[in-house]
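>>> my questions concern the predicted model and sequence given below.
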Amino acid sequence: MTPIRAYAGGPGFKGISFDSLHNVSSKLRSILPDSEIEYLDADALSKACENKYESKRQLIVFPGGVCSEWDPFFNSEMLSKIRKAIEDGSSGLFICAGAYFASSKSCFKTEYAVFKKKRDLKLYTGKVKGPYFPEKSRHDVENGRIVPILWEQTKETGFVFINGGGYFKRPYPDTAEVLASYEDGKAAIISLKASQGKIVLSFVHLEYDELDPEISSDNQSLRSKFVESQNFRKACWTYITEILK
């Protein structure tokens with residue numbers, strides 16, 4: 001049984017997309033039915049990573065959200081414990097905001113400014129840039145898009161949800177493998193080794209099978225393709241889970 005430690009943000013799930021957290025949990029339970037999921041704040045998560053026995057066999061999950069709102073809850077010591085746990089043999093799954101958070105350098109462009117940041121977790125030593133699509137405002141439902149991605153192993157294309165997610169810039173670290181790409185060839189999902197551990201970073205939300213009705217409401221063909229891609233997303237999840245076991 002693999003213990004799963006999911007970061008649940010600050011008080012009241014601050015900084016976390018509850019929908020992303022809920023859907024990730026559901027997907028992991030369906031694929032890893034014998035695993036237990038704990039929802040932890042920054043302090044509890046870093047303490048769980050100190051446990052030498054647990055740190056070699058746990059799956060650490062950072063779901064979607066707004067990672068700039070996570071910064072006040074973590075200090076360098078906490079992040080160092082999380083990084084060491086993964087390097088010592090744990091696995092990490094970082095989705096959208098989590099992918100920005102786990103990268104050494106990120107660049108996020110809004111209508112009003114460009115935010116460049118050096119980050120301390122640095123499990124992914126390359127650069128990331130976003131959003132892939134321009135945002136109207138931070139919490140506008142119309143930021144959500146349905147997009148096709150190519151799964152590199154099978155060369156199969158399926159449709160997924162993206163909201164504020166970016167892409168991984170070349171060159172990639174030596175241990176990185178591109179799992180999925182956007183239509184223009186930019187990397188959307190990457191896996192890599194972190195010493196003895198393994199991580200997957202995804203800027204798309206494979207965990208979503210149901211979407212807000214306003215997302216792509218003017219394009220029923222696109223919504224139909226999203227619904228028809230459920231088995232594609234399930235296969236992607238299964239592959240990712242095998243990497244992280």
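Right, received. Where do you want to start?

>>> run through the bridge partners of the residue positioned nearest the centre of the chain.
Residue closest to the mean C-alpha point of the chain, counted by CA atoms, centre = their mean, is Ile95 at 0.9 Å. When bridges are called by DSSP bridges, Ile95 pairs up with Ser202.

>>> average model confidence for the host helix or strand of Tyr100?
Using DSSP states H and E, Tyr100 falls within helix 97-102. Computed over helix 97-102, the mean pLDDT rounds to 96.

>>> where does the prediction get shaky in this structure?
1, 52-56, 135-143, 217-218 (pLDDT under 70).

>>> quick one on the thing from earlier: now the helix holding Tyr100, how far from the centre of its chain.
7 Å (CA atoms, centre = their mean, to the nearest Å).

>>> buried set for it?
Ala97, Gly98, Ala99, Tyr100, Phe101, Ala102 (16 or more other CB atoms under 10 Å). To be clear about C-beta, it is placed using only N, CA and C from the backbone, and glycine gets the same treatment.

>>> nearest to Ala188 among those?
For those, the minimum distance to Ala188 (CB to CB) is 9.6 Å, reached by Ala99.

>>> how near is the residue nearest to the closest one when sequence neighbours are not counted to Leu222?
The shortest distance from Ala99 to any non-neighbouring residue, by CB to CB, 6 or more residues apart in numbering, is to Leu201 (4.0 Å). The gap separating Leu201 from Leu222 is 25 Å, by CB to CB, to the nearest Å.

>>> ok, those two, which is more surrounded?
Ranked by neighbour count (other CB atoms under 10 Å), Leu201 and Leu222 place Leu201 first, with 29 against 16.

>>> thought that one was touching Ala102?
Yes - at 6.0 Å, Leu201 and Ala102 qualify as touching, with contact defined as CB atoms under 8 Å.

>>> who touches both of these two?
Phe94, Tyr124 (CB atoms under 8 Å, 6 or more residues apart in numbering).

>>> related to what we said a few turns ago, residues making contact with the helix holding Tyr100?
Residues contacting helix 97-102 (CB under 8 Å, 6+ apart): 7, 15, 17, 61-67, 70, 92, 94, 106, 108, 119, 121-124, 128, 130, 164-166, 199, 201-203.

>>> narrow the residues you listed to those that are buried.
7, 15, 17, 61-67, 70, 92, 94, 106, 108, 119, 121, 123-124, 128, 130, 164-166, 199, 201-203.

>>> in strands only, show me the residues you listed.
Applying DSSP state E to those, the entries found in strands are 7, 61-62, 92, 94, 106, 108, 124, 128, 130, 199, 201-202.

>>> list the buried ones in stretch 76-90?
For stretch 76-90, burial by neighbour count (16+ other CB under 10 Å) applies to Met78, Leu79, Lys81, Ile82, Arg83, Lys84, Ala85, Ile86, Glu87, Ser90.

>>> give me the contact list for stretch 229-245.
2, 27-28, 31-32, 59, 91-93, 151, 153-154, 156-160, 179-180, 189, 191, 198-200, 202, 206-207, 209.

>>> and Pro72, how many neighbours?
Neighbours of Pro72 (other CB under 10 Å): 11.

>>> for it, give its distance to Phe101.
Taken as CB to CB, the span from Pro72 to Phe101 is 13 Å.

>>> how about Ser181?
22 Å.

>>> one more: Ile199?
For Ile199, the distance to Phe101 - CB to CB - is 12 Å.
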